[in-house]
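Peer 1: heads up, no residue letters with this:
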């Protein structure tokens, strides 16, 4: 397996093979991210294809001061701009195929419920920050770079988003308990 920087250098020289190997590392994560930003799985696949085409087209402009993943996610956000998400039902399509099917269904259901709640209560930009942090495991610095925001803004909004989500989930649970004991 080649190092990322070697693959980037080869891709900048025009190597399609190097570029293919490079983006293969990020394809599933990008698709998972785009599913949360678009109305359907098909729209997410289209946005992914556009992202990869644009990344290949502009690979020579990539600046090594930034992580490659940060650059790719910035392109993905630009490609998904203006496309509203209906819900996150397509997230279940991206489960780990090697785990137990029952565990897979339970985990997918819990994940979907969390992200559906997040989608409902958070702004697009804050939802994106949460997704990049907790689904894609990006650093706060990288999230700030992807969103074009300061590190301070990113930290504060991640904290506020967690608090909003906690309150929304607690409110839903309280409503369910009240309904059950009517």
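Peer 2: Done, it's in. Please read all numbers here as calculations on a predicted model, not as lab measurements.
Peer 1: what distance do you get for the residue nearest the centre of the chain to residue 15?
Peer 2: Geometric centre of the chain, nearest residue: residue 33, 2.8 Å, by CA atoms, centre = their mean. Applying CB to CB, to the nearest Å, the value for residue 33 to residue 15 is 26 Å. Bear in mind the C-beta positions are built from the backbone N, C-alpha and C, glycine included.
Peer 1: quick revisit: pretty sure the residue nearest to the centre of the chain is touching residue 136, no?
Peer 2: Yes - contact status for residue 33 versus residue 136: in contact at 6.2 Å, counting by CB atoms under 8 Å.
Peer 1: for burial, what's the neighbour tally of residue 5?
Peer 2: 10 (other CB atoms under 10 Å).
Peer 1: count of neighbours near the residue lying closest to residue 131 once chain neighbours are set aside?
Peer 2: In space, and not counting its chain neighbours, residue 131 is closest to residue 36: 5.6 Å by CB to CB, 6 or more residues apart in numbering. Residue 36 has 22 neighbours, counted by other CB under 10 Å.
Peer 1: same question for the one 5 residues further on.
Peer 2: Using other CB under 10 Å, the number of residues around residue 41 comes to 16.
Peer 1: next: residue 32.
Peer 2: Residues lying near residue 32 (other CB under 10 Å) number 18.
Peer 1: can I assume it is in contact with residue 135?
Peer 2: Yes - assessed by CB under 8 Å, residue 32 is found in contact with residue 135 at 6.5 Å.
Peer 1: what about residue 21, which helix or strand?
Peer 2: Remark: residue 21 resides in helix 16-24, with elements defined by DSSP states H and E.
Peer 1: now for that helix, which elements pack on it?
Peer 2: When contacts are defined as 3 or more CB pairs under 8 Å, 6 or more residues apart in numbering; DSSP states H and E, helix 16-24 packs onto helix 4-12, helix 41-57.
Peer 1: output those in CSV; the columns should cover mean pLDDT and distance to residue 126.
Peer 2: Putting these into CSV (pLDDT from 0 to 100; distance: least, CB to CB, whole Å) gives the following:
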stretch, mean pLDDT, distance to residue 126
helix 4-12, 93, 29
helix 41-57, 90, 20
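Peer 1: of those, which approaches residue 151 most closely?
Peer 2: helix 4-12 (23.2 Å; CB to CB).
Peer 1: buried ones in the closest one, by neighbour count?
Peer 2: Neighbour-count burial for helix 4-12, with 16 or more other CB atoms under 10 Å as criterion, is recorded at 7, 8, 10, 11.
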